[in-house]
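[1] structure for the following, please:
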Amino acid sequence: MRDVEPDGLLTIRTVAMPSDLNYEGDVFGGWLLSQMDMAGGIAARCRAQGRVATVAIEAMQFHTPIKMGDELSCYCVETKVGRTSMTFRVEAWVRRREGGAQEKATQGTFTFVAIGPDRQPRVVPPPAA
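    Alright, predicted model coming up:
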């Protein structure tokens with residue numbers, strides 16, 4: 001069954017610009033990955049109540065190309081919290097510049113570690129009430 005709507009909290013929304021494209025007119029995979037990492041980092045920072053660092057990204061499969069002017073939305077779902085780490089599933093959805101429904105472009109699993117003032121891992125606090 002194909003995903004018909006995003007799962008998780010909308011964390012960032014942006015538009016693909018000419019500088020984000022490869023010579024074929026599609027966004028660079030690295031640009032998309034960086035947007036997803038940024039979204040996951042925002043979600044992780046909120047959950048950790050402070051600084052975080054990306055420590056792992058699981059393999060991703062790109063489902064559909066993103067073109068200039070398309071709107072990219074990244075949604076995050078917390079999937080696991082350890083002592084110092086947090087894992088989020090980040091879904092990237094695209095809405096074509098011509099409009100219409102969003103479609104899933106890709107998803108990935110991102111793991112972050114909470115970082116203390118000494119730049120070392122620190123304990124992730126309990127969820128905010």
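
[2] please count neighbours and contacts with C-alpha atoms only from this point.
    Noted.

[3] tell me the pLDDT at residue 92?
    On the pLDDT scale, residue 92 is placed at 97.

[4] and it, how many neighbours?
    26 (other Cα atoms under 10 Å).

[5] tell me the contacts of it?
    36, 72-75, 104-107 (Cα atoms under 8 Å, 6 or more residues apart in numbering).

[6] gap between the most centrally placed residue in the chain and residue 113?
    Among the residues of the chain, the one closest to the centroid is residue 36, at 2.6 Å (Cα atoms, centre = their mean). Counting by Cα to Cα, to the nearest Å, the separation of residue 36 from residue 113 is 16 Å.

[7] same thing with residue 127?
    15 Å.

[8] what about the two, which has more around it?
    Neighbour count, other Cα under 10 Å: between residue 127 and residue 113, residue 113 has more, with 27 against 10.

[9] you'd agree that one is in a helix?
    No - applying DSSP: H, G, I helix; E, B strand; the rest coil, one finds residue 113 to be strand, outside a helix.

[10] looking at it, it is touching residue 85, isn't it?
    Yes - using Cα atoms under 8 Å, residue 113 is in contact with residue 85, at 4.2 Å.

[11] PyMOL command for the buried members of the contacts of residue 92?
    Buried residues within the contacts of residue 92, by 16 or more other Cα atoms under 10 Å, are selected in PyMOL with:
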select buried, resi 36+72+73+74+75+104+105+106+107
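
[12] of the contacts of residue 92, just say which sits nearest to residue 19.
    Using Cα to Cα, the shortest approach to residue 19 within the contacts of residue 92 belongs to residue 72, at 14.9 Å.
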